[in-house]
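Student: model this:
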Amino acid sequence: MIPHGGPDRAALEIGSTVLFQVGLKHTYGYGRVVGNELSARIEDKYTDRDFVICEVRTRNLSVSVNVEHELFPFESETFDLVLCCEVLEHMDIDPMFMLAELNRITKVGGQIIVTTPNCCSARNFWKIANGYRPHFFMQYERSRSPYRHNIEHDVHSVSTLLRSAGFNPTSVETQDVFEAPLQQGLDLLWKMKLPTEHRGDGIFAIAEKVSGVADRWPAGLYV
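Tutor: Prediction:
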């Protein structure tokens, strides 16, 4: 799913998953890898740091940017690849702000990979049919932390966001990755003659930058 890089290619990983950053450099060959991890510490705004995973030492640049409020400290068309995994569902007020900024710092022809839970999975359909809320991770935290899912998407909303941000989706699919497939949900969909495609619990989208932002406020997702 992740395109291979090269010593002159750069990748940005949103969410700062260290394993992904090490993989982007040592497995996929990107010469420059940057991670973004939101932190309240001013010391974390722009740092170089070492990671050691499975005895592999990697030195990467790390930044701390609030992706719904702040601009990235990079020039336009810096990155060949942006990895945005399990971030979109945490957006609180304005996902297009982040995607518009990612458009700015991604090269034309560069790619973005987005993963997010699928609110229209077969399991969630089964929950609704049986009178239960379908959400995957919208429970309140005892610690009162705001870290939770604020919205869970379907393939249509993910595709709309990407196209609106100037990215052309080349692949949008779903797979069951969080839990095992629920056959009862699929059977009920078949019985009711409803679509059974895109019913996995995780959405995986690959898109290519083809233009600037096409629609800052896509209808149906913004009011």
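
Student: Wait, N60 touches N36, no?
Tutor: No. Between N60 and N36 there is no contact under Cβ atoms under 8 Å: 11.0 Å. All C-beta spots, glycine's among them, are computed from the backbone N, C-alpha and C.

Student: Give me the three-state assignment for L81.
Tutor: Following DSSP: H, G, I helix; E, B strand; the rest coil, the label given to L81 is strand.

Student: mean confidence for stretch 115-130?
Tutor: Taken as a whole, stretch 115-130 carries a mean pLDDT of 96.

Student: what's that stretch in contact with?
Tutor: 84-89, 133-137, 149, 152-155, 158, 174, 176, 178-179, 181-182, 184-186, 188-189, 194, 196, 198-205 (Cβ atoms under 8 Å, 6 or more residues apart in numbering).

Student: Skipping adjacent residues, who's closest to L81 in space?
Tutor: Distances taken as Cβ to Cβ, 6 or more residues apart in numbering place A11 nearest to L81, at 4.3 Å, with adjacent residues excluded.

Student: Could you verify that the one you found is part of a strand?
Tutor: Yes. Counting by three-state DSSP, A11 is part of a strand.

Student: which parts of stretch 74-85 are buried?
Tutor: Buried residues in stretch 74-85, counting neighbours by 16 or more other Cβ atoms under 10 Å, are found at 74, 78-85.

Student: In JSON lines, list the residues you listed along with distance to H4 and pLDDT.
Tutor: Shown next, in JSON lines, are those (distance: Cβ to Cβ, whole Å; pLDDT from 0 to 100):
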{"residue": "F74", "distance to H4": "22", "pLDDT": "96"}
{"residue": "T78", "distance to H4": "19", "pLDDT": "98"}
{"residue": "F79", "distance to H4": "15", "pLDDT": "98"}
{"residue": "D80", "distance to H4": "11", "pLDDT": "98"}
{"residue": "L81", "distance to H4": "10", "pLDDT": "98"}
{"residue": "V82", "distance to H4": "15", "pLDDT": "98"}
{"residue": "L83", "distance to H4": "13", "pLDDT": "97"}
{"residue": "C84", "distance to H4": "19", "pLDDT": "97"}
{"residue": "C85", "distance to H4": "18", "pLDDT": "95"}
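
Student: On the pLDDT front, check the residue nearest to L81 for me.
Tutor: So A11 comes in at 97 (pLDDT).

Student: State the distance from it to S121.
Tutor: Taking Cβ to Cβ, to the nearest Å as the measure, A11 falls 29 Å from S121.

Student: So which residues of this structure form strands?
Tutor: In the chain, the strands defined using DSSP state E lie at 10-14, 32-36, 46-53, 56-63, 79-85, 106-117, 167-175, 202-209.

Student: Show residues contacting the first one.
Tutor: If I follow you right, that is strand 10-14. With Cβ under 8 Å, 6+ apart as the contact definition, strand 10-14 has outside contacts at 5, 20-21, 24, 28, 30-36, 67, 72, 74, 78-85, 87, 98, 102, 105.
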